[in-house]
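Novice: sharing a model that was predicted from the sequence below.
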Amino acid sequence: MPTFLGHAVSGLAVNALTQQKSYSVRIAVICAVCAVAPDLDGIGFRLGIPYGHWLGHRGFTHSVLFAVLLALLFSLFTKKEPSTKIRLLLAASFFLSALLHDVLDAMTNGGLGVAFFSPFSNTRYFLPWHAIEVSPLSPARFFSLRGLTVLKSEFLWVMAPSFVVMILSRFIQHTRMKST
């Protein structure tokens, strides 16, 4: 899996793509939180839940259903938005932020895969392309040469593309504002 930092940055990229007006820090934070939230399943290790269990790592919290539920939950924070269209767009960005976490995890070269269809199926999937180095779950292993390799991979395959998306999105929005 990419680290929480890589996931948060990918959520910020989704936010940049979906913002219709000036930059909203509150919405950007929600997108980042939605992008990181699936890894809350790491608590299961402390509770004795096995990795392969439907509540284990990359289980239910990495499913499409969880992304939908998370988006609905965080949509409650958008009630002050002026239109239903904007609220739906924000809900979609929350959903995509969470789902992108799952897709990125399915692009790693380790673990058991992602249970996209949990709780209906605990079958774990990887995407055919495994470019992202899987992050060690142990902090001791992360703060080692292995962790540096993971961060380099994450920068190349997650953060750099996310930054490009954010920059291009802002440029396009700025250009549109000037032309109107």
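Specialist: That came through fine.
Novice: longest single helix anywhere in this structure?
Specialist: For the chain, the helix with the greatest residue count under DSSP state H is helix 84-106.
Novice: for that one, name the packing helices and strands.
Specialist: helix 4-18, helix 25-36, helix 64-75 (3 or more C-beta pairs under 8 Å, 6 or more residues apart in numbering; DSSP states H and E). Bear in mind the C-beta positions are built from the backbone N, C-alpha and C, glycine included.
Novice: so residue 154 makes contact with residue 7?
Specialist: No: at 9.4 Å, residue 154 does not count as touching residue 7 under the criterion of C-beta atoms under 8 Å.
Novice: which is the succeeding secondary structure element to the worst-scoring helix or strand of the chain on mean pLDDT?
Specialist: Here the helix or strand of the chain ranked lowest by mean pLDDT, DSSP states H and E is helix 139-142, holding a mean of 74. Downstream of helix 139-142, the next assigned helix or strand under DSSP states H and E is helix 145-154.
Novice: report the buried residues of the following helix or strand past that next one.
Specialist: Past helix 145-154, further along toward the C-terminus, the next helix or strand under DSSP H and E is helix 160-179. By neighbour count with 16 or more other C-beta atoms under 10 Å, helix 160-179 contains the buried residues 162, 165, 166, 169, 173.
Novice: check stretch 138-149 too.
Specialist: Neighbour-count burial for stretch 138-149 flags residue 147 (criterion: 16+ other C-beta under 10 Å).
Novice: how long is it from one end to the other?
Specialist: Using C-alpha to C-alpha, to the nearest Å, one end of stretch 138-149 lies 15 Å from the other.
Novice: quick one: buried residues of stretch 128-140?
Specialist: Quick answer for stretch 128-140 (16+ other C-beta under 10 Å): 132, 133, 134, 135, 136.
Novice: just send those residues back as CSV, with pLDDT, secondary structure and distance to residue 54 too.
Specialist: As requested, these are arranged in CSV below (pLDDT from 0 to 100; DSSP: H, G, I helix; E, B strand; the rest coil; distance: C-beta to C-beta, whole Å):
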residue, pLDDT, secondary structure, distance to residue 54
132, 93, strand, 24
133, 89, coil, 26
134, 89, coil, 20
135, 83, coil, 22
136, 77, coil, 23
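Novice: right, and out of the residues you listed, which lies closest to residue 29?
Specialist: When the buried residues of stretch 128-140 are compared for distance to residue 29 (C-beta to C-beta), residue 135 comes out closest, at 22.5 Å.
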